[in-house]
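Student: predicted model follows, preceded by the sequence.
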Amino acid sequence: MQSRRIGDTQVSAIGLGGMPMSVEGRPADEQRSVDTIHAALDAGVTLFDTADAYSLDETDVGHNESLIARAVASHGADTSEVLIATKGGHTRTEGGGWGRNGSPEYLRQACEASLKRLGVDAIGLYQFHRPDPKVDYAESVGALRDLLDAGKIRYAGISNANPDQIRLANEILGGRLVSVQNEFSPAFRSSEPELDLCDSLGIAFLPWSPLGGIAKAGELGSHFAPFAEIANEKGVSPQQVCLAWLLAKSPVVIPIPGSSRPATIRDSAAAVHLTLTPEEFTRLDAGD
């Protein structure tokens, strides 16, 4: 598979987002999720995105981290080049709600818990999941810097950040910010300024929900005609066209489509082989 760069590490140009395997609606049969992760590895995927908050509720925090760690370890082939990216700072509350905690103390504790679930001495990529309005952003990012300096994490990233936060984080980290993970898809293009900034700084941009989210990914072609038209012309899925469009936007883009079925991650991974003409890219990028 084609590769792209996170820090000094080459990873697959398409990653796998593990969220659908662990939140509400996750597969009843866990083996299907394991098979999906194995299918991703077989297709050449080496970047796996997770978070401690990817769980049903507060009672099984870390479900997705543990699942991915077990599945990668059980694959049987050489997985030494796999980069597992996880996040801290988003929390689960009673009844399946979502909260935020960006305090340095919490992030240190969350990182230690993620280290144990992943079974590693240092997390490949650790990202501050979501800004906490009750905590100064610089303090939260300062916790990432301390974890980086302590060798608890190999790389530091941020998620759901605006341009000012990206610049501030990179400054606090001493130029060591390697990734920004924001929502970006045909239906959600407001992170274009963040993508452009990452492109100029050489920072990896990881679009989450690149196909529109768990509930809407299958409907992408029916809502955005150019994607369906070009997919029909090329004999591929609209989802493949969408991922190829994202890859064509910038060499720093690494989409992380979520999946919980082997067939869908295989289809997504095949997007690296799909070449768009300039005219096709322009049709898709017009946003019609």
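Tutor: Okay, I see it.
Student: ok, now how distant is the spatially closest residue to Arg92 that is not a sequence neighbour from Arg100?
Tutor: With CB to CB, 6 or more residues apart in numbering as the criterion, Arg92 has its nearest non-adjacent residue at 4.6 Å, and that residue is Glu58. No exception for glycine: its C-beta is placed from N, CA and C like everyone else's. For Glu58, the distance to Arg100 equals 14 Å [CB to CB, to the nearest Å].
Student: with His75 instead?
Tutor: 34 Å.
Student: hmm, Pro27 is touching Ser259, no?
Tutor: No: judged on CB atoms under 8 Å, Pro27 makes no contact with Ser259 at a distance of 10.7 Å.
Student: give me the neighbour count for the residue lying closest to Pro210 once chain neighbours are set aside.
Tutor: Distance criterion CB to CB, 6+ apart; nearest residue to Pro210, sequence neighbours excluded, is Pro255 at 4.2 Å. Each residue near Pro255 was counted by other CB atoms under 10 Å, and the total is 27.
Student: let me know the secondary structure of Ala138.
Tutor: The local conformation at Ala138, judged by DSSP: H, G, I helix; E, B strand; the rest coil, is helix.
Student: enumerate every residue touching it.
Tutor: Shown in contact with Ala138 (CB atoms under 8 Å, 6 or more residues apart in numbering): 168, 172.
Student: just the one 4 residues further on next, same as before
Tutor: Going by CB under 8 Å, 6+ apart, Gly142 touches 104, 172.
Student: quick one: mean pLDDT for the helix or strand harbouring it?
Tutor: Assigned by DSSP states H and E, Gly142 belongs to helix 137-149. Averaging pLDDT along helix 137-149 yields 98.
Student: mind listing what the very next helix or strand once past it pairs with, with the direction of each?
Tutor: Using DSSP H and E, the helix or strand that follows helix 137-149 in sequence is strand 153-159. Using DSSP bridges, strand 153-159 pairs in its sheet with strand 123-128 (parallel), strand 177-181 (parallel).
Student: including mean pLDDT and mean neighbour count, could those go into CSV?
Tutor: CSV is the format used below for these (pLDDT from 0 to 100; neighbours: other CB atoms under 10 Å):
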stretch, mean pLDDT, mean neighbour count
strand 123-128, 98, 25
strand 177-181, 98, 26
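Student: tabulate the ones you listed (a markdown table), appending distance to Asn64.
Tutor: Converted to a markdown table, those look like this (distance: least, CB to CB, whole Å):
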| stretch | distance to Asn64 |
| --- | --- |
| strand 123-128 | 14 |
| strand 177-181 | 15 |
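Student: and Val45, how many neighbours?
Tutor: 25.
Student: quickly list what the closest residue to it other than its chain neighbours is bridged to.
Tutor: Distances taken as CB to CB, 6+ apart put Ser12 closest to Val45, at 4.8 Å, once the chain neighbours are dropped. Assessed by DSSP bridges, Ser12 has beta-bridge partners Ser3.
Student: for Ser12, which residues are in contact?
Tutor: Applying CB under 8 Å, 6+ apart, we find Ser12 in contact with 1-4, 44-47, 254, 269, 272.
Student: what does Pro210 give?
Tutor: Neighbouring residues of Pro210 by CB under 8 Å, 6+ apart: 184-185, 242-243, 246, 255-257.
Student: over to Met21?
Tutor: So Met21 contacts 27, 33, 36, 54, 64, 67, 260 (CB under 8 Å, 6+ apart).
Student: turn those residues into CSV, columns for distance to Leu284.
Tutor: Listed next are these as CSV, based on distance: CB to CB, whole Å:
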residue, distance to Leu284
Pro27, 31
Ser33, 31
Thr36, 27
Tyr54, 30
Asn64, 31
Leu67, 33
Ser260, 26
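Student: and the helix or strand containing Lys87 with strand 123-128, angle?
Tutor: In this assignment (DSSP H and E), Lys87 forms part of strand 83-88. With axes from the mean of the first three to the mean of the last three CA atoms, to 10 degrees applied, the angle from strand 83-88 to strand 123-128 works out at 30 degrees.
Student: and strand 83-88, what other elements does it pack with?
Tutor: The helices and strands touching strand 83-88, judged by 3 or more CB pairs under 8 Å, 6 or more residues apart in numbering; DSSP states H and E, are strand 47-49, helix 63-73, helix 104-118, strand 123-128, strand 177-181.
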